[in-house]
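Student: everything below, folded, please.
(3 chains)
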Amino acid sequence: MPELPEVETTRRGIAPHVLGRRVVEVIVRQPRLRWPIPESLAGDLKGQPIEDVGRRGKYLLLHTGKGTAILHLGMSGSLRIVDADLAPRPHDHVDIRLDSGRALRLHDPRRFGALLWTRDDPLAHELLRELGPEPLGEDFDGDVLHAGLRARRCAIKLAIMDSHVVVGVGNIYASEALFRARIHPRRCAGALSRPACRRLAEVIREVLSEAVAQGGTTLRDFVKEDGEPGYFAQHLNVYDRAGLPCPACGKPVTRAVIGQRSSFYCTHCQR
DNA sequence: CCGGACGCCTGTCGGC
DNA sequence: TGCCGACAGGCGTCCG
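Tutor: Presented below is the predicted three-dimensional model:
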């Protein structure tokens, strides 16, 4: 579920509660996520102060002096700050208890998320090493995007969802960005002109930063660290709006499957 | 190298 | 009411 705006919202939400706090205990109720939570992780984290909360793409990074916890929310994950003694609900797989009497609680019904540990530079971890540019960073623009798409014959929607091209763009924001750029999602990625790439890079930055400002998109499960939803869903132009009028021209929004994922677009506005 | 399909999981919803 | 298929914010892996 969570794309860059939801992960960044989570990062900002938890940071004030965990920064400088010491981990007093880690409770793993269900270690079987996408990959098993390493058995050593609880011992590695225990006693460590959390020095920084970072994000790379859709990965959250809890930095300590001894190493870094790498956390991914998968499709259905969320992190909340709770009182440490609040009874866990189903699918509350991990509690990272802090010396404040609260806990960082990982909830993930589908268990596509991950919680891993590295003693080394997390950016050198095999899951992060090959990631493309951060769309909200300074090294992402139309020229970078154009270069990343050049050799790709796949649909542009699939290309911008490929984390080697640019990180953080998932199924919702891919549809939304292509609508704003007036580009049909099936267009051949490598055939986009440089100006089209400039426009696309611009709207990717725009839609992601607007969504961050709204606390992300809540359609089903996503909640912020305080349990509240994000409010960007009301600003979606096409995603999950099949049959409803295009905000630009009024013709019904189309739903089609591209790469086994639902895509939403306007056949009149997007070419 | 690339593109495309497939799992991994659980929950929910719509149709019959 | 119950059952069954489709579908859901991701992504590594496998195959041609």
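Student: from here on, just use CA atoms for contacts and neighbour counts.
Tutor: Fine.
Student: just the pLDDT at the closest residue to A:Gly67 other than its chain neighbours, thanks.
Tutor: Closest residue to A:Gly67 apart from its sequence neighbours, by CA to CA, 6 or more residues apart in numbering: A:Arg119 at 4.0 Å. Listed pLDDT for A:Arg119 reads 97.
Student: am I right that A:Arg119 is in contact with A:Ile70?
Tutor: No. In this structure, A:Arg119 is not within contact of A:Ile70 by CA atoms under 8 Å, at 10.7 Å.
Student: neighbour count: those two, which is higher?
Tutor: Shown here are A:Arg119 and A:Ile70; by other CA atoms under 10 Å, A:Ile70 has more neighbours (22 against 14).
Student: so where does that one fall, helix or strand?
Tutor: Secondary structure from DSSP states H and E places A:Ile70 in strand A:68-72.
Student: now do the next helix or strand after that strand: distance to the chain's middle.
Tutor: Counting by DSSP H and E, the element after strand A:68-72 in chain order, helix or strand, is strand A:78-83. Offset of strand A:78-83 from its chain centre (CA atoms, centre = their mean, to the nearest Å): 17 Å.
Student: residues contacting A:Leu98?
Tutor: Neighbouring residues of A:Leu98 by CA atoms under 8 Å, 6 or more residues apart in numbering: A:18, A:21-25, A:84, A:104.
Student: could you rerun that using 6 Å?
Tutor: By CA atoms under 6 Å, 6 or more residues apart in numbering, A:Leu98 lies in contact with A:22-24.
Student: any chance of the residues you listed in a markdown table, plus distance to DNA strand C, neighbour count and secondary structure?
Tutor: Formatted as a markdown table, the contacts of A:Leu98 follow (distance: CA to the nearest atom of the strand, whole Å; neighbours: other CA atoms under 10 Å; DSSP: H, G, I helix; E, B strand; the rest coil):
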| residue | distance to DNA strand C | neighbour count | secondary structure |
| --- | --- | --- | --- |
| A:Arg22 | 28 | 20 | strand |
| A:Val23 | 26 | 23 | strand |
| A:Val24 | 29 | 18 | strand |
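Student: what would these look like in JSON lines with pLDDT and distance to A:Ala213?
Tutor: Output for those, formatted as JSON lines (pLDDT from 0 to 100; distance: CA to CA, whole Å):
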{"residue": "A:Arg22", "pLDDT": "98", "distance to A:Ala213": "29"}
{"residue": "A:Val23", "pLDDT": "98", "distance to A:Ala213": "30"}
{"residue": "A:Val24", "pLDDT": "98", "distance to A:Ala213": "33"}
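Student: which one of those is nearest to A:Leu79?
Tutor: Nearest to A:Leu79 out of the contacts of A:Leu98 is A:Val23 (CA to CA; 15.8 Å).
Student: sorry, back to before: now do the strand holding A:Ile70 against strand A:78-83, angle only.
Tutor: 120 degrees (axes from the mean of the first three to the mean of the last three CA atoms, to 10 degrees).
Student: roughly how far out does strand A:68-72 sit from the chain middle?
Tutor: Centroid displacement of strand A:68-72 relative to its chain, using CA atoms, centre = their mean, is 13 Å.
Student: how about it and DNA strand B, touching?
Tutor: No. Strand A:68-72 lies out of reach of DNA strand B by CA under 7 Å from any atom of the strand, never closer than 13.0 Å.
Student: helices or strands up against that strand?
Tutor: Counting contacts by 3 or more CA pairs under 6 Å, 6 or more residues apart in numbering; DSSP states H and E, strand A:68-72 is packed against strand A:59-63, strand A:114-118.
Student: and these: which comes nearest DNA strand B?
Tutor: Set against DNA strand B and scored by CA to the nearest atom of the strand, those come closest in strand A:114-118, at 11.2 Å.
Student: what's the helix or strand harbouring A:Leu106 in contact with?
Tutor: In this structure, A:Leu106 sits in strand A:102-107 according to DSSP H and E. Identification of contacts with strand A:102-107 by CA under 6 Å, 6+ apart yields A:77-84, A:91-97.
Student: and that strand, does that touch DNA strand B?
Tutor: No. Residues of strand A:102-107 contacting DNA strand B under CA under 7 Å from any atom of the strand: none, with a closest distance of 11.2 Å.
Student: if A:Arg102 is in a bridge, with which residues?
Tutor: Listed beta-bridge partners, A:Arg102: A:Asp83 (assigned using DSSP bridges).
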